[in-house]
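A.B. asks: Mind looking at a prediction? Sequence and model below.
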Amino acid sequence: MPGTTSPATDTLQKIRRSLLSDNTPEDSDIDVGSRYKVRTAVTMRASADFTSGTIAELVARDEVLLLSKDVRGSNEVGLVVPAMPDRPGWIVLRGPSQPQCSLVLKKLDGSWDMKARYRVTRPATLRSDSSIASNCLGEVSPGDEVLILDLGLDDGNEDKPRLRAQVSVIGTETVGWISPETYSGDRLLDPVNLLGPEIVKIHRKSLNGNKSPREVIGQKIMTIRGGKANKINTSPGPPRSCVPGQVVPWEVGGKYRILEDQTAREKPELQSSELFKIPAGAVVLVTDIQITQCVVVGDDPLMGHVPVALVQIQEGNPCGAKGWIRLAAKDGHDLVDTRDQNEFEKVLHRLRSSQQQEVTTAESPAGFFEASPTSSQYDEENGSGAWKGQQTGQESLIEKLEALEEGGEDRLVQDTSAVEDRNPLCGGCTCGSNRGI
């Protein structure tokens, strides 16, 4: 009929309106490691020198990963990789004749951030420097978690420059370089920041046995209708970090994210007066931790005692308010995430202490320690500056971390798609770089 539109047209109009209604303000900075959409058509060139040859033409709404940025003349330029794995190229980001960035400064899913914590999804090699030809320190395995300290670029192979990340391996004191993703786009890390609010969604899904909301609703409907619900649980459930007889994983002075809506109380006792509600996703500072008795009701497998904490809300409402909350539920699962939001600062403190210890050791009087080749002798005998290079590298890292506080690709160990990351010069280690694949 005249004046009517087809369902397909209505759907397109809705999508168009939703895109136009996105009034989220753009970021002011352009961050290396982030994914963005192209704002306007722009030319990709072979080098940052814009007299170099053209590689490709990007059009509006193309997605790119920013590997590096630089200033050439009066222009800010960036090395980007299109969403479809292709040869990287340089584009003009901003300049006198182009004050508005050629990229829409709203980070897309799959971006990598400094100070963020990610879970390893595939085996990857940990190296001493951003170059994939540097020394092997070991490997990280699926399930490990790493904290990104710095982002850099390995451009040793000009045709295949790749994003590199300097990470601290959680639960160890190891610091090294890995690739968040391979050149071909295979992700070695899950791009969900475990220190961000997304952890609440992960927690809720674990409560449902890793089932989607639709699956949970369908299972409930089947139960109501008398049908047989699927009893298979695809997940061991939410974390239960508090083990009787062991030290609780939370620390006084730590900042943690609330996983479930909580009631803050006046005193540690669970029957004390209610003060206010704390929504899931809020971040709190722990100022005291105690163990209180948990009343057992019926035959439920409840804990006899549960840890409680006096907290102050740092992010969320009511901001600044103080009260006592539970850290674990009656069945023992975590109500507050155990990942400390201060992890970056902890790593910085550890590196500072390590550096100070090295300085103190180097300045100690002769004979105070057991006789052995000194660091200076090691440097002179090898002629390589090995010890001094390591020390300088650590000082450089600490300077970068301090700057961040005030205000860096590897192969798949069992994946032939990343053969280009093998280092033929790496021998005598267990990284697998010299394995036949």
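C.D. replies: Yep, that arrived. Being a predicted model, the structure only gives us computed values, none of them experimental.
A.B. asks: same question for stretch 125-139, mean pLDDT?
C.D. replies: Throughout stretch 125-139, pLDDT has a mean value of 94.
A.B. asks: What residues sit buried inside it?
C.D. replies: Of the residues in stretch 125-139, 125, 126, 127, 129, 130, 131, 132, 134, 136, 137, 139 count as buried by neighbour count, 16 or more other Cβ atoms under 10 Å. To be clear about C-beta, it is placed using only N, CA and C from the backbone, and glycine gets the same treatment.
A.B. asks: can you give me the end-to-end distance of it?
C.D. replies: 5 Å (Cα to Cα, to the nearest Å).
A.B. asks: Tell me what residue 289 is bridged to.
C.D. replies: residue 309 (DSSP bridges).
A.B. asks: which stretches of this structure have low pLDDT?
C.D. replies: 1-22, 85, 157-159, 210-236, 295-303, 362-437 (pLDDT under 70).
A.B. asks: quick revisit: could I get the buried residues of stretch 125-139 in JSON lines, plus columns for secondary structure?
C.D. replies: Compiled in JSON lines, the buried residues of stretch 125-139 are given as follows (DSSP: H, G, I helix; E, B strand; the rest coil):
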{"residue": "125", "secondary structure": "strand"}
{"residue": "126", "secondary structure": "strand"}
{"residue": "127", "secondary structure": "strand"}
{"residue": "129", "secondary structure": "coil"}
{"residue": "130", "secondary structure": "coil"}
{"residue": "131", "secondary structure": "coil"}
{"residue": "132", "secondary structure": "coil"}
{"residue": "134", "secondary structure": "coil"}
{"residue": "136", "secondary structure": "strand"}
{"residue": "137", "secondary structure": "strand"}
{"residue": "139", "secondary structure": "strand"}
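A.B. asks: out of the residues you listed, who's nearest residue 42?
C.D. replies: For these, the residue nearest residue 42 by Cβ to Cβ is residue 130; the value is 27.0 Å.
A.B. asks: Assumed residue 347 was part of a helix.
C.D. replies: Yes. Judged by three-state DSSP, residue 347 forms part of a helix.
A.B. asks: Quick check: closest non-adjacent residue to it.
C.D. replies: Among residues not flanking residue 347 along the chain, residue 168 sits closest, at 4.7 Å (Cβ to Cβ, 6 or more residues apart in numbering).
A.B. asks: With residue 344 instead?
C.D. replies: residue 115 (4.6 Å).
A.B. asks: got a list of what that neighbour touches?
C.D. replies: With contact taken as Cβ atoms under 8 Å, 6 or more residues apart in numbering, residue 115 is in contact with 147, 148, 149, 195, 344, 404.
A.B. asks: re earlier: could you pull up phi and psi at the residue nearest to residue 347?
C.D. replies: The phi/psi pair for residue 168 (degrees, to the nearest 10) reads phi -110, psi 120.
A.B. asks: re the thing from before, tabulate the buried residues of stretch 125-139 (a markdown table), appending distance to residue 60.
C.D. replies: As requested, the buried residues of stretch 125-139 are exported to a markdown table (distance: Cβ to Cβ, whole Å):
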| residue | distance to residue 60 |
| --- | --- |
| 125 | 38 |
| 126 | 39 |
| 127 | 38 |
| 129 | 38 |
| 130 | 33 |
| 131 | 35 |
| 132 | 34 |
| 134 | 39 |
| 136 | 43 |
| 137 | 43 |
| 139 | 41 |
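A.B. asks: Out of these, which comes closest to residue 257?
C.D. replies: residue 126 (27.0 Å).
A.B. asks: Would you mind measuring from the nearest residue to that closest one once chain neighbours are set aside to residue 192?
C.D. replies: Distances taken as Cβ to Cβ, 6+ apart place residue 176 nearest to residue 126, at 3.8 Å, with adjacent residues excluded. Counting by Cβ to Cβ, to the nearest Å, the gap from residue 176 to residue 192 is 22 Å.
A.B. asks: For those two, work out which one has more neighbours and name it.
C.D. replies: residue 176 (21 against 16; other Cβ atoms under 10 Å).
A.B. asks: now the residue nearest to residue 344: how far from residue 147?
C.D. replies: 7 Å.
A.B. asks: before we move on, what about residue 283?
C.D. replies: Distance from residue 283 to residue 147, by Cβ to Cβ: 17 Å.
A.B. asks: And those two? Which one has more around it.
C.D. replies: Using other Cβ under 10 Å, the more surrounded residue of residue 283 and residue 147 is residue 147, with 23 against 18.
A.B. asks: buried sites along stretch 175-192?
C.D. replies: Those would be 175-183, 186, 188-192, for stretch 175-192 by 16+ other Cβ under 10 Å.
A.B. asks: just these now: which is nearest residue 269?
C.D. replies: Nearest to residue 269, judged by Cβ to Cβ, of these is residue 192 at 36.6 Å.
A.B. asks: hang on, the closest one in a strand?
C.D. replies: No. Applying three-state DSSP, one finds residue 192 to be coil, outside a strand.
A.B. asks: quick one, what contacts it?
C.D. replies: Residue 192 neighbours (Cβ under 8 Å, 6+ apart): 118, 119, 198, 199, 202.
A.B. asks: Quick check: the farthest pair among these?
C.D. replies: 118 and 202 (12.5 Å).
A.B. asks: joint contacts of those two?
C.D. replies: If you check residue 118 and residue 202 against Cβ under 8 Å, 6+ apart, the residues they both contact are 192, 194.
A.B. asks: For these two, work out which one has more neighbours and name it.
C.D. replies: Between residue 118 and residue 202, residue 118 has the larger neighbour count (other Cβ under 10 Å), namely 25 against 16.
A.B. asks: Relative to residue 339, how far out is the more buried one?
C.D. replies: Using Cβ to Cβ, residue 118 is found at 11 Å from residue 339.
A.B. asks: Same question for residue 361.
C.D. replies: Distance from residue 361 to residue 339, by Cβ to Cβ: 33 Å.
A.B. asks: if you count what's nearby, which of these two comes out ahead?
C.D. replies: The residue with more neighbours, out of residue 361 and residue 339, is residue 339; 19 against 11, by other Cβ under 10 Å.
A.B. asks: Let me see the contact set for the more buried one.
C.D. replies: Per Cβ under 8 Å, 6+ apart, neighbours of residue 339: 117, 194, 195, 199, 256, 257.
A.B. asks: wait, isn't the first one in contact with residue 341?
C.D. replies: No. With contact defined as Cβ atoms under 8 Å, residue 117 and residue 341 do not form a contacting pair (9.5 Å).
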